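S.K.: below are the sequence and a predicted model for it; my questions follow.
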2 protein chains.
Amino acid sequence: MIYGRVALIGLGLIASSMAHAMRRDGTAGEITGTARSAETRDAVRQIGFCDLVTDTAAEAVADADLVVLAVPVGAMEAVAREIGPHLKPGATVTDVGSVKRAVVEAVKPHLAENVHFIPGHPLAGTEHSGPYSGFPELFENRWCILLPDADTDADALDRLTRLWKSMGANVDTMEVDHHDLVLAVTSHCPHLIAYTMVGVADDLRRVTDSEVIKYSAAGFRDFTRIAASDPTMWRDVFLNNKDATLEILGRFTEELFALQRAIRTGDGDHLFDYFERTRAIRRGIIEAGQDTDAPDFGRGTKR
Amino acid sequence: MIYGRVALIGLGLIASSMAHAMRRDGTAGEITGTARSAETRDAVRQIGFCDLVTDTAAEAVADADLVVLAVPVGAMEAVAREIGPHLKPGATVTDVGSVKRAVVEAVKPHLAENVHFIPGHPLAGTEHSGPYSGFPELFENRWCILLPDADTDADALDRLTRLWKSMGANVDTMEVDHHDLVLAVTSHCPHLIAYTMVGVADDLRRVTDSEVIKYSAAGFRDFTRIAASDPTMWRDVFLNNKDATLEILGRFTEELFALQRAIRTGDGDHLFDYFERTRAIRRGIIEAGQDTDAPDFGRGTKR
């Protein structure tokens, strides 16, 4: 057991996967949870991955040794304000939000000095959301970034690190603003671009009936998987990582215009060199163990 | 047996997969093949999916009932010019190129009146290429688009349709220019955009060492899979489907700018509505059987 009582605020994909993993491993003595919608709370009472589902966040955090904020980034401030006065002295508060500067600014002012706040971000997910989507292996061989600062209590950090490792994650630490820039590149901008392309196709779909869907296996399909992620979560990501996202999108647009120009002028060498260069990155990802070399069929199995 | 002798010109992913499938099913009496590079020809002699590997395309097509042009789009004209005088009267010539207007213009002038030319495009592939990458199931439950015109011989079309169906493909017919527009949306633009995003990340990677690769599971990884496809093939696609690609990229840029503006001005409703809309397309693709609903881990298995 790593924590006596863990409180999960928000009961979607991440929180439910954490609960399943902690139950599997016995790392939490007791798990409490709450969610904003009564429908979700009822669902979790039925699924049963929490020992206690409360109607309010204030009740859920009572006596908790670890509190996990697993709500959309835009909801963090209200939750922190609500739970602040009810936290046990010495408790650790962490979160799983995809942006970190905004979360620190939203949460920290509401927490007492005797509470350890360690922001976190597990880089794991699927295109599904909600309390039914969780499973205990979600974090296996995925990175979880923790964002301590100079004042962070070493024991509290060690304990939280052990929890993430017990769920199969590789734990890394990072500085808050640097996190937001790296994630803008590896996650936020790819998502926005995928959403955009799918939206363009949707317009055209009206012209060509179902052809866009029918012929999606030719590349488009991978975009739709990304673009099926939770709309509330992603709205909040973009609103709260504005600067880094806009900076990377600016560079993206610049490169795209250069490639468009190469197409227009028939500059095959520019295109070839660009495409050749990007292949190397793919090899790096496979070597780093973050994907397999198996071709993706978009079916139930991979070779 | 559907064809007595099939000649494969080009021996990469598509041709090798066709050969494996035809051997499995006994749909070709004999399979001949050739490739531009001696290295590829030697590899295929070793792998053994062709009965005969010739050094020239002219030799490969001798006496062939079906000739499959499986070379990059930019190489189609030279191949057609070479094989034109050596084709058996009554033979069918097809191709597997990703763009069709350019292929029709490159190939048709070099074929005699007594040869049936039926352009084709199997919407199947992986991010791997070359003669070792083929496997017989590549076309299963994938679409193959054939592009007959008003003069196409009905028997020749029927025979080619049966071959593709025997390999597990669903066969559809389409008009040449319409094909190029639909594929610009479902395939060509998604690939260019993925290549672009990976290129941007590559620039940043120099700043942040290996972080882009390390944290790729957060969305970026799916782009790198697309962006690992064969550079020569894709260069030729963009050079040969210029108009449709540039038209769709124009619409993409327009939408992207609108989303960028929403981020800058903090217009959460615009973002939410856009993301909500794109989810529906994902559902359509799953219902159409072109992907599974299983979350993608980028590992060896899917749930």
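M.R.: Structure received.

S.K.: hmm, the helix or strand where A:Glu77 lies touching chain B?
M.R.: Secondary-structure element containing A:Glu77, defined by DSSP states H and E: helix A:76-83. No: if you take C-beta under 8 Å from any C-beta of the partner chain as the test, helix A:76-83 misses chain B, and the best it gets is 14.7 Å. Yep, even glycine has a C-beta here, placed from its N, CA and C like the rest.

S.K.: what lines up beside the helix or strand following that helix in the sheet?
M.R.: Once helix A:76-83 ends, the next helix or strand along the chain (criterion: DSSP H and E) is strand A:92-95. Strand A:92-95 has the following strand partners under DSSP bridges: strand A:66-69 (parallel), strand A:116-118 (parallel).

S.K.: quick one: the strands in the stretch 151-300 of chain A?
M.R.: In chain order, the stretch 151-300 of chain A shows strands spanning A:170-173, with DSSP state E, counting those that start in this stretch as the criterion.

S.K.: give me the below-cutoff pLDDT ranges for it.
M.R.: Counting by pLDDT under 70, the ranges of the stretch 151-300 of chain A that qualify are A:205-209, A:217-218, A:290, A:292-300.

S.K.: quick check: phi and psi on A:Leu11?
M.R.: A:Leu11 adopts backbone torsions of phi -130, psi 50, taken as degrees, to the nearest 10.

S.K.: so how far is chain B from it?
M.R.: Computed with C-beta to the nearest C-beta, to the nearest Å, the distance linking A:Leu11 and chain B is 18 Å.

S.K.: helix, strand or coil for A:Glu127?
M.R.: coil (DSSP: H, G, I helix; E, B strand; the rest coil).

S.K.: for it, which non-adjacent residue is spatially closest?
M.R.: The spatial neighbour of A:Glu127 that comes closest, neighbours along the chain excluded (C-beta to C-beta, 6 or more residues apart in numbering or on different chains), is A:Ala228 at 4.2 Å.

S.K.: just how off-centre is stretch A:259-275 within its chain?
M.R.: In this view, stretch A:259-275 has its centroid 35 Å away from the chain centroid, taken as C-alpha atoms, centre = their mean, to the nearest Å.

S.K.: kindly format the C-alpha coordinates of the helix holding A:Glu77 as PDB.
M.R.: Coordinates of the C-alpha atoms in helix A:76-83 are reproduced here as PDB (Å, rounded to 0.1, in the frame of the first residue of the first chain):
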ATOM      1  CA  MET A  76      -9.400  22.800 -12.200                       C
ATOM      2  CA  GLU A  77      -9.800  26.200 -10.400                       C
ATOM      3  CA  ALA A  78     -13.400  25.500  -9.300                       C
ATOM      4  CA  VAL A  79     -12.400  22.100  -7.900                       C
ATOM      5  CA  ALA A  80      -9.400  23.500  -6.100                       C
ATOM      6  CA  ARG A  81     -11.400  26.200  -4.500                       C
ATOM      7  CA  GLU A  82     -14.000  23.700  -3.300                       C
ATOM      8  CA  ILE A  83     -11.600  21.100  -1.900                       C
END
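
S.K.: show me what it is packed up against.
M.R.: Packing partners of helix A:76-83 (3 or more C-beta pairs under 8 Å, 6 or more residues apart in numbering or on different chains; DSSP states H and E): helix A:57-60, strand A:66-69, strand A:92-95, helix A:101-107.

S.K.: and the residue of the stretch 1-150 of chain A found nearest chain B, backbone torsions?
M.R.: Minimum separation of the stretch 1-150 of chain A from chain B (C-beta to the nearest C-beta) falls at A:Thr126, amounting to 3.0 Å. Note on A:Thr126: backbone dihedrals following degrees, to the nearest 10 are phi -130, psi -180.

S.K.: what is the burial count for it?
M.R.: Burial of A:Thr126 is recorded as 20 neighbouring residues (other C-beta atoms under 10 Å in any protein chain shown).

S.K.: now for the residue nearest to A:Glu127: which residues touch it?
M.R.: A:Glu127, B:Thr278, B:Arg279, B:Arg282, B:Arg283 (C-beta atoms under 8 Å, 6 or more residues apart in numbering or on different chains).

S.K.: in a markdown table, list those along with distance to A:Thr54.
M.R.: Conversion of those to a markdown table gives the following (distance: C-beta to C-beta, whole Å):
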| residue | distance to A:Thr54 |
| --- | --- |
| A:Glu127 | 29 |
| B:Thr278 | 34 |
| B:Arg279 | 30 |
| B:Arg282 | 34 |
| B:Arg283 | 33 |
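
S.K.: so which of the residues you listed are in helices?
M.R.: Residues from those lying in helices, with DSSP state H as the criterion: B:Thr278, B:Arg279, B:Arg282, B:Arg283.

S.K.: wouldn't the third one be in contact with A:Ile226 here?
M.R.: In other words, B:Arg282. No: with contacts counted by C-beta atoms under 8 Å, B:Arg282 stays clear of A:Ile226, the gap being 9.3 Å.

S.K.: need phi/psi at A:Ala124.
M.R.: With angles defined as degrees, to the nearest 10, A:Ala124 shows backbone torsions of phi -150, psi 150.

S.K.: correct me if wrong: it contacts A:Pro136.
M.R.: No: under the criterion of C-beta under 8 Å, A:Ala124 makes no contact with A:Pro136, lying 11.7 Å away.

S.K.: ok, of the contacts of A:Ala228, which one's closest to B:Thr54?
M.R.: When those are compared for distance to B:Thr54, the smallest value, 45.9 Å, is given by B:Arg282; criterion: C-beta to C-beta.
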